[in-house]
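> Build the 3D model from these lines:
(2 chains)
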2 protein chains.
Amino acid sequence: MFLTRRFKHCPSCGSQVAYQVPADDNRERATCTGCGAIHYENPLNVVGTLPVWNDQVLLCRRAIEPRHGKWTLPAGFMELGETTAEGAARETDEEAGAQIELQGLYCVHNVVQVGQVHLFYRARLLSPVFNPGPETLEARLFREDEIPWDELAFRTVRETLERFFEDRRRGEGYGLHSADIR
Amino acid sequence: MFLTRRFKHCPSCGSQVAYQVPADDNRERATCTGCGAIHYENPLNVVGTLPVWNDQVLLCRRAIEPRHGKWTLPAGFMELGETTAEGAARETDEEAGAQIELQGLYCVHNVVQVGQVHLFYRARLLSPVFNPGPETLEARLFREDEIPWDELAFRTVRETLERFFEDRRRGEGYGLHSADIR
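Prediction:
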């Protein structure tokens, strides 16, 4: 579940907060009992890429929790000061050390239970040589029939890979895909 | 600018926080000097619609700051527990009281300076009758030559409207658009 009611104290003044519905709102918000500040909790973006080299795609085996040891596309939380595309490229560099040319936004998947939106860009690998960072045990290329479907870390990764191989077989281009995962 | 360093106290225990780079990270994070918890700050999603009735689009005049009195597409912060599409539909109901059929995701604009991603869906209006909520002074339909270009609230609204009228003139469908606004 997403982390609702995670505020116990006010990040501004340190007083205790109470969850109550502010005037002209319709949801409970963390409201400071001291300074009156209201603190909102909202979904976060995870940004990543689907890097392709000829008929292979790049997956990374996770060296961190959650899903330690499982395979994922390079992705992570979008940071302040960057665009979704810049964040996707940064994560690809940090997790895989892969050289890429970023292509179009390919998937926007909602993961409602954890309060996340996962955005994946297609990317063209410029080299099949990788230099994975500390969050990755191993980065390697997989042909479709080699994908470790039962060892994927996240459902949005599975969804993105399934759509990609379908689109590739169909040969009519790579439009935007969205899925709601609950 | 986006609100970096907005944590002064730990939301968990109320102790003071220090901004420092955690082990195995490369950015300063709000780190509690008491319990050690790390609190992240990330971009937020604004979700909305571009509602269309024949050759007209729906705009709302804002009854709230920022940009009180300016015209906008119905949109607002995505909430926990909903998808991007559900949030866009909710905001359209709350701000305009408009009956719509939601269509495809149309724009994903990054507004880096304020740490926001604006996602707009196209929508088909089912009725030209609106029932604006307290955040809206007025909701009405505009033909292209009536759009109050100099009185629009946000650059992402301008960008979305410009792309829409271009795509409509071209008559080749409504693909996804992205713009980075800095």
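
> near chain B at all, the top strand by length along chain A?
The single longest strand within chain A, with elements called by DSSP state E, is strand A:100-111. Yes - residues of strand A:100-111 contacting chain B under C-beta under 8 Å from any C-beta of the partner chain: A:104, A:105, A:108, A:110. Placement of C-beta: from N, CA and C, glycine included.

> Among the residues you listed, name the buried ones.
Burial by neighbour count, 16 or more other C-beta atoms under 10 Å in any protein chain shown: within these this picks out A:105, A:108, A:110.

> How confident was the prediction at the first one?
What the model reports as pLDDT for residue A:105 is 98.

> Wait, it touches residue A:123, no?
No - Residue A:105 lies out of contact with residue A:123 (C-beta atoms under 8 Å); the separation is 11.1 Å.

> Now for these two: what residues contact both?
Shared contacts of residue A:105 and residue A:123, defined by C-beta atoms under 8 Å, 6 or more residues apart in numbering or on different chains, are absent.

> chain center to the longest strand of chain A, what's the gap?
Relative to the chain's own centre, strand A:100-111 is displaced by 10 Å; criterion: C-alpha atoms, centre = their mean, to the nearest Å.

> Give me the helices and strands touching whichever helix or strand comes after that strand, please.
Next helix or strand after strand A:100-111 toward the C-terminus (DSSP states H and E): strand A:116-125. Packing partners of strand A:116-125 (3 or more C-beta pairs under 8 Å, 6 or more residues apart in numbering or on different chains; DSSP states H and E): strand A:44-53, helix A:84-96, strand A:100-111, helix A:155-170.

> One more pass at 6 Å, please.
Helices and strands touching strand A:116-125, by 3 or more C-beta pairs under 6 Å, 6 or more residues apart in numbering or on different chains; DSSP states H and E, are strand A:44-53, strand A:100-111.

> Go ahead and flag the most central residue of chain A.
residue A:46 (2.7 Å; C-alpha atoms, centre = their mean).

> Name the residues linked to it by a beta bridge.
residue A:77, residue A:118 (DSSP bridges).

> What parts of chain A come near chain B?
Counting by C-beta under 6 Å from any C-beta of the partner chain, the residues of chain A close to chain B are A:2, A:7-9, A:11-12, A:14, A:41-44, A:77-78, A:80, A:83-84, A:110, A:112, A:115, A:176, A:180.

> now those: which count as buried?
For these, buried by 16+ other C-beta under 10 Å: A:2, A:7, A:9, A:11-12, A:14, A:41-44, A:78, A:80, A:83-84, A:110, A:112, A:115, A:176.

> mind giving me the domain ranges of chain A?
A:1-41, A:44-181 (automatic domain parsing).

> Ranking the ones you listed by mean neighbour count, which comes first?
Ranked by mean neighbour count, the domains of chain A are led by domain A:44-181 with a mean of 18 (mean count of other C-beta atoms under 10 Å in any protein chain shown).

> How far does it stretch from one end to the other?
15 Å (C-alpha to C-alpha, to the nearest Å).

> cool, and stretch A:37-53?
End residues of stretch A:37-53 are separated by 50 Å (C-alpha to C-alpha).

> Which residues outside that stretch are in contact with it?
A:7, A:10, A:12, A:22, A:29-31, A:58, A:73-75, A:77-78, A:84, A:87-88, A:91-92, A:98, A:100, A:115-123, A:125, A:128, A:141, A:160, A:164, B:42, B:44, B:77-78, B:80 (C-beta atoms under 6 Å, 6 or more residues apart in numbering or on different chains).

> contacting residues around the residue of chain A positioned farthest from its centre?
Distance from the C-alpha centroid of chain A, by C-alpha atoms, centre = their mean, peaks at residue A:34 (35.9 Å). Contacts here follow C-beta under 6 Å, 6+ apart; on that basis residue A:34 touches A:13, A:15.

> The same query, at a cut-off of 8 Å, please.
A:10, A:13, A:14, A:15, A:16.

> And the residues you listed, which two are furthest apart?
Spanning the widest gap among those are A:13 and A:16, at 10.2 Å by C-beta to C-beta.

> who touches both of the two?
A:32, A:34.

> First-to-last residue distance for stretch A:140-147?
11 Å.

> Show the model's pLDDT score for residue A:171.
97.

> Check residue A:24 too.
For residue A:24, pLDDT reads 83.

> Can you classify it by secondary structure?
Using DSSP: H, G, I helix; E, B strand; the rest coil, the structure places residue A:24 in coil.

> Isn't it up against residue B:94?
No - applying C-beta under 8 Å as the test, residue A:24 and residue B:94 come out as separate, 11.1 Å apart.

> show me what contacts residue A:108?
Residues in contact with residue A:108 (C-beta under 8 Å, 6+ apart) are A:117, A:118, A:119, A:176, A:177, A:178, B:84, B:105, B:108, B:119.

> is it in a bridge, and if so with what?
residue A:119, residue A:178.

> How about residue A:91: what's its closest non-neighbour residue?
residue A:76 (4.4 Å; C-beta to C-beta, 6 or more residues apart in numbering or on different chains).

> need the contact list for the one you found.
With C-beta under 8 Å, 6+ apart, residue A:76 has these contacts: A:46, A:47, A:48, A:87, A:91, A:94, A:95, A:135.

> so what does the strand or helix carrying residue A:142 touch, helix or strand wise?
Residue A:142 belongs to strand A:136-143 when assigned by DSSP H and E. For strand A:136-143, the contact count by 3+ C-beta pairs under 8 Å, 6+ apart identifies strand A:56-62, helix A:84-96 as packing neighbours.
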